[in-house]
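Q: how does the following fold in three dimensions:
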Amino acid sequence: MTTKIKTSHTPGPWTYECQNAGEIGSKDKVSVRADDGSIALIKRVMQNNGRDTFGNAVVVHRPLAEVKANARLIAAAPDLLAALQELRAASELLYQAGRIDALAFVNAGNVIAKAEGK
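A: Numbering: from 1, shown residues only. Below is the predicted model of the structure:
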């Protein structure tokens, strides 16, 4: 069962892209993109001189592997939201009959509302 859900975010699928990854002294950039353009720049990863690409000293940086993992999670967001919406809709009758965990059902609704800005 596939339910068509109206959304206000950029439609998926989203992908992530890493430019110059791992090249010494490069200006590593990890971004999330949709078919029609960029969604987000995750973080410019610290260069080997301890400064970002704008010349500012970097106090905190995240390893490139962590930045990529964050980008993958963000890129999966539209699919995760759609899957959760479909699961919640499909389990409505089970919830009403007391056959699934009420807390999990309510939490799913809260996460959906958070993603939708409600």
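
Q: specify the local secondary structure of the residue nearest to G117 when sequence neighbours are not counted.
A: Spatial nearest neighbour of G117, chain neighbours left out: S8 (7.5 Å); criterion: Cβ to Cβ, 6 or more residues apart in numbering. Quick note: C-beta positions are derived from backbone N, CA and C, even for glycine. Assigned by DSSP: H, G, I helix; E, B strand; the rest coil, the conformation of S8 is coil.

Q: now the one 4 residues further on
A: Recorded secondary structure, G12: coil (three-state DSSP).

Q: ranges for the helices of this protein?
A: 64-90, 92-96, 102-115 (DSSP state H).

Q: OK, contacts around the residue nearest the centre of the chain?
A: With distances taken as Cα atoms, centre = their mean, I74 lies nearest the centre of the chain, 1.5 Å away. Neighbouring residues of I74 by Cβ atoms under 8 Å, 6 or more residues apart in numbering: 14, 16, 32, 39-40, 42.

Q: out of the residues you listed, which comes closest to G109?
A: The shortest gap between G109 and any of the contacts of I74 belongs to W14, at 23.3 Å (Cβ to Cβ).

Q: phi, psi of that closest one?
A: phi -110, psi 150 (degrees, to the nearest 10).

Q: what mean pLDDT does the longest strand along the chain get?
A: Ranked by number of residues, the top strand in the chain under DSSP state E is strand 37-44. In this model, strand 37-44 carries a mean pLDDT of 75.

Q: what residue in this protein is the furthest from its centre?
A: In the chain, the residue that sits farthest from the middle, by Cα atoms, centre = their mean, is A97; the gap is 33.2 Å.
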